[in-house]
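[1] with the sequence up front, the predicted model follows.
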Amino acid sequence: MARIAVIGAGMGAMAAAARLAVAGHRVTVYERTETYGGGVRRFERDGFRFDTGPGLLTLPAVYRDLFVKTGKEPLEDCVELVQVDPSARHVFADGTAVSLPNASRAGVVAALDEALGEGAGRRWGDFLVRAREAWDRTRRPLLEEPLWPDWQVLAGKEPYPAVPHKRLLRTRTARTVADIGRWELRDERLADLLDSQVLAYGLDPRSVPASAAVLPYMEHAFGTWYVRGGIRELARAVYERCVRRRVEFLFGTEVTGITEKDGRAAGVELADGTVADADHVVADVDPARLRALTERPLDTAGDVGAEPLAAPFARFALLLALRGAPEPGAVHRTVVHPAAPESELDFLVSPGGDVPPPPTVTVLRPDDPALRPDDGHESVVLSAVVSPQAPWDEEATVRRYTELLLETAGRAIPGLRERLLWHEVRVPGHVGDETGAGAVPAPALAAGRGRFLRPGNTTRLPGLYRVGGWSHPGGGLPHAGMSGALVAGLIVEGPEFRGSR
């Protein structure tokens, strides 16, 4: 039985802790804040409850596997999973709206044809077929296996297939997601639909490789899910599974250093000066903080870079307490598209000037009694992708964005202003306070010269492992869970472990 010190209580860290405890190890989690979950948090006021992190779940199989592998009680006995249908309603700038069925290619094709015109559904369906090819080529190396030593293979080749050009005797290769929209979808609204699904992960569709097509494909193929009571309930269930497996949690306990002995990690030093010895250390922290915990270089030339270059954007959110029940036909998720999406992206890259353009706004309206004081009220979350470089400490900036989101969301929620009781603002700094990082990293992607890959779970310091959003597989709620599985496999089964089979 080995002693394992885990730094941080994010989803990836807890997934690793539960699996290591089941394997017979003695696991202690050191969390600098007073609760678990990382960015998966909850805000409560006056009987209203809100998810302050992700509001929906894709790839629930990752957490089903975690619960199967760590005990006899399956995930569905611990939380209630609800498939969201329609998956989303999109409201475009020209007034067109379309509701996309959950996990139904035929249904999506029919809905797009009816709303956007004959042929729109077929083009989107053909895109999903090509996106599946990219998924099939990258699923195992990017989600289920430790980072390949020859990771340059993943960095250089674009897995999204080339498309034959109808008028020319050649194929055309989309290098970015924006290329897919221009060359293959051939409809501004379809292009906006695709761009918004990539932007939601904090990625610029004009610069992210075409391999990011796997992100909308995952949502389409595996469905969009809601956890009754909010996604925070999933964090609670994982935490309770850890406790049942005798994982020890020390909250309000900051790790200030990683100790070494005989050339390997030997424990952690705490803010009060005490040292806790360990045979292995698992760190669920961002790269900058991890480097500050040890003087040993964790990566060398030829390794995947540890800088967060692939996720330059952050998230601004409004938590709305509304009087009155939702109108008949209200959907769980609505995405409201701006009239000038290019201006939105330009402003994200260079946030200059006093007046930001209207952003793409996601409106989450879960019909969940657990989130409201009674049936005469409604709990709503509005969010938009923003630049972390904007002056979020200035009241004027917060006020401008608040007005932008409320004005835009009014296209999705009838009578929004009149129904508004109060609102709470969530700026990027809130995420930093809770996670130690200013933005949540996007999932790892192939191509792009390796800019969208994450450092491997192992480090150049033997006995020190990386887990969570900033490591391989990296980013996103499901990927954090898989990252925990890979780290546990590396510790339990040794360097020959190659992930799930």
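    Noted; the coordinates are in hand. Numbering: from 1, shown residues only.
[2] next, give phi and psi for the closest residue to Tyr160 other than its chain neighbours.
    Excluding its sequence neighbours, the residue lying closest to Tyr160 (Cβ to Cβ, 6 or more residues apart in numbering) is Ala210, at 3.8 Å. To be clear about C-beta, it is placed using only N, CA and C from the backbone, and glycine gets the same treatment. Dihedral pair for Ala210: phi -60, psi -20, per degrees, to the nearest 10.
[3] list the contacts of Ala210.
    134, 158, 160, 173-177, 179-180, 447 (Cβ atoms under 8 Å, 6 or more residues apart in numbering).
[4] do Val467 as well
    6, 12-13, 15-16, 282-284, 457, 480, 483-484, 487.
[5] from those residues, pick the one nearest Val98.
    Nearest to Val98 out of the contacts of Val467 is Ala480 (Cβ to Cβ; 31.2 Å).
[6] mind checking how far that closest one is from Leu143?
    Taking Cβ to Cβ, to the nearest Å as the measure, Ala480 falls 11 Å from Leu143.
[7] one more: Ala111?
    Distance from Ala111 to Leu143, by Cβ to Cβ: 29 Å.
[8] and the pLDDT for the nearest residue to Gly223 once chain neighbours are set aside?
    Counting by Cβ to Cβ, 6+ apart, the nearest residue to Gly223 once its immediate chain neighbours are dropped is Ala103, at 4.0 Å. For Ala103, the pLDDT comes out at 85.
[9] also Pro495?
    On the pLDDT scale, Pro495 gets 56.
[10] and the contacts of the top helix by length along the chain?
    If you go by DSSP state H, the chain has its longest helix at helix 120-139. If you take Cβ under 8 Å, 6+ apart as the criterion, helix 120-139 is touched by 105, 108-113, 154, 159-161, 163, 180, 184-187, 189-190, 193-194, 210-211, 213-214, 216-218, 220-221, 445-446.
[11] for that helix, which residues meet the burial criterion?
    Neighbour-count burial for helix 120-139 flags 120-121, 123-125, 127-128, 130-132, 134-135, 137-138 (criterion: 16 or more other Cβ atoms under 10 Å).
[12] more neighbours, Ala111 and Leu143?
    Taking other Cβ atoms under 10 Å, Ala111 and Leu143 do not tie; Leu143 has more neighbours (24 against 20).
[13] how much space between that one and Thr300?
    In terms of Cβ to Cβ, Leu143 sits 25 Å off from Thr300.
[14] which residues of the stretch 1-150 of the chain fall in strands?
    Assigned by DSSP state E, counting those that start in this stretch, the stretch 1-150 of the chain shows strands spanning 3-7, 26-31, 42-45, 48-51, 81-83, 88-91, 97-100.
[15] swap in the stretch 401-501 of the chain?
    Along the stretch 401-501 of the chain, counting by DSSP E, counting those that start in this stretch, strands occupy 420-426, 464-466.
[16] quick one: least confident helix or strand in this structure?
    Taking mean pLDDT, DSSP states H and E as the measure, strand 171-172 is the helix or strand of the chain with the lowest mean score, a mean of 77.
[17] contacting residues around the following helix or strand past that one?
    Going down the chain from strand 171-172, the next helix or strand is helix 177-180, by DSSP states H and E. Judged by Cβ under 8 Å, 6+ apart, the contacts made with helix 177-180 from elsewhere in the structure are 127, 160, 174, 191, 194-195, 198, 203, 205-206, 208-210, 212-213.
[18] now do 7 Å
    Applying Cβ atoms under 7 Å, 6 or more residues apart in numbering, the contact partners of helix 177-180 are 127, 174, 194-195, 198, 205-206, 208, 210, 212-213.
[19] go on, stretch 50-59?
    Against stretch 50-59 from outside (Cβ under 7 Å, 6+ apart): 39-43, 84, 218-219, 222, 224-227, 230-232, 234, 319, 333, 364, 379, 381, 426, 477-478.
[20] out of those, name the ones that lie in helices.
    218-219, 222, 232, 234, 477-478.
[21] and the closest residue to Ala271 other than its chain neighbours, how far from Pro328?
    Closest residue to Ala271 apart from its sequence neighbours, by Cβ to Cβ, 6+ apart: Glu254 at 4.3 Å. For Glu254, the distance to Pro328 (Cβ to Cβ) stands at 50 Å.
[22] with neighbour numbers in mind, choose between those two.
    When neighbours are counted by other Cβ under 10 Å, Glu254 comes out ahead of the other of Glu254 and Pro328, with 14 against 5.
[23] residue contacts, that one?
    Per Cβ under 7 Å, 6+ apart, neighbours of Glu254: 32, 270-271.
[24] ok, the closest residue in space to Ala442 that isn't next to it in sequence - contacts?
    Leaving aside its chain neighbours, Ala442 sits nearest to Tyr201 (4.2 Å; criterion: Cβ to Cβ, 6+ apart). By Cβ under 7 Å, 6+ apart, Tyr201 lies in contact with 215, 442-443.
[25] hmm, which of the contacts of helix 177-180 is lowest in pLDDT?
    Ala174 (91).
[26] so who does that residue touch?
    160, 180, 183-184, 210.
[27] Leu250: what's its closest spatial neighbour, skipping adjacent residues?
    Using Cβ to Cβ, 6+ apart, the nearest residue to Leu250 is Tyr30, at 5.3 Å.
[28] next: Asp367.
    Nearest one to Asp367, counting by Cβ to Cβ, 6+ apart, is Pro326 at 6.6 Å.
[29] now do Val398
    Val425 (5.7 Å).
[30] if I look at that neighbour, how far off is Pro388?
    Distance from Val425 to Pro388, by Cβ to Cβ: 15 Å.
[31] just Pro356 next, same as before
    Pro356 is 14 Å from Pro388, by Cβ to Cβ.
[32] do the same with Trp124
    The value you get for Trp124 to Pro388, if Cβ to Cβ is used, is 32 Å.
[33] next: Val6.
    Val6 sits at a distance of 27 Å from Pro388 (criterion: Cβ to Cβ).
[34] more neighbours: these two, which one.
    Legend: neighbour count by other Cβ under 10 Å for Val6 and Pro388, higher for Val6 (33 against 21).
[35] my guess is that one contacts Val27. True?
    Yes: using Cβ atoms under 7 Å, Val6 makes contact with Val27 at a distance of 6.2 Å.
[36] who's in contact with Ala110?
    With the criterion set at Cβ under 7 Å, 6+ apart, Ala110 makes contact with Gly121.
[37] model confidence score at it, please.
    97.
[38] check what pLDDT Gly429 gets.
    86.
[39] swap in Pro328?
    94.
[40] tell me where the stretch 301-450 of the chain has helices.
    341-349, 395-409, 416-419, 428-435 (DSSP state H, counting those that start in this stretch).
[41] residue contacts, Ser87?
    So Ser87 contacts 100-102, 219, 224 (Cβ under 7 Å, 6+ apart).
[42] how does it look with 6 Å?
    Ser87 sits next to 100, 102, 224 when contact means Cβ atoms under 6 Å, 6 or more residues apart in numbering.
[43] just the element for the closest residue to Leu116 other than its chain neighbours, please.
    Spatial nearest neighbour of Leu116, excluding adjacent residues (Cβ to Cβ, 6+ apart): Arg189 at 5.7 Å. Per DSSP H and E, Arg189 falls inside helix 188-199.
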